[in-house]
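Trainee: Model the structure of this input:
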Amino acid sequence: DDHAPMESFWGSLKNELIHQTQYKTREEARDAIVEYVEVFYNRIRRHTKLGNISPAEALRNFKLMQEELV
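Mentor: Next comes the predicted model:
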């Protein structure tokens, strides 16, 4: 299924953030979602597709491998 990664993301967002908090305003909800995506999901959260490491760890590993090739 071509949409599986996006469906997985939306499921994570709903389960880990949206269903856990009640927001007073749309702006508060938007700010929380932006922080979740930009800080937690894209940098800290472990992803099974990356071998259960965070994107930040995957990037560090990639850079280390690149340095070893030089």
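
Trainee: all contacts plus neighbour counts: C-alpha atoms, from now on.
Mentor: Noted.

Trainee: Now do the helices in this structure.
Mentor: Assigned by DSSP state H, the helices in the chain fall at 4-16, 26-35, 55-69.

Trainee: Nearest approach to residue 44 belongs to which of the ones you listed?
Mentor: helix 55-69 (6.6 Å; C-alpha to C-alpha).

Trainee: Packing partners of the closest one?
Mentor: Other helices and strands packing on helix 55-69, by 3 or more C-alpha pairs under 8 Å, 6 or more residues apart in numbering; DSSP states H and E, are absent; none qualifies.

Trainee: then that helix to CSV, C-alphas only?
Mentor: The C-alpha trace of helix 55-69 is given here as CSV (Å, rounded to 0.1, in the frame of the first residue of the first chain):
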residue,chain,number,x,y,z
PRO,A,55,16.2,9.9,12.8
ALA,A,56,18.9,11.9,14.6
GLU,A,57,20.8,8.7,15.4
ALA,A,58,20.4,7.5,11.8
LEU,A,59,21.8,10.8,10.5
ARG,A,60,24.8,10.5,12.9
ASN,A,61,25.4,7.0,11.8
PHE,A,62,25.2,8.0,8.1
LYS,A,63,27.7,10.9,8.6
LEU,A,64,30.1,8.6,10.4
MET,A,65,30.0,6.1,7.6
GLN,A,66,30.6,8.8,5.1
GLU,A,67,33.6,10.0,7.0
GLU,A,68,35.0,6.5,7.1
LEU,A,69,34.8,6.3,3.3
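
Trainee: quick one: buried residues of that helix?
Mentor: For helix 55-69, the neighbour count (16 or more other C-alpha atoms under 10 Å) marks 55, 58 as buried.

Trainee: next one: stretch 7-22
Mentor: 13, 18.
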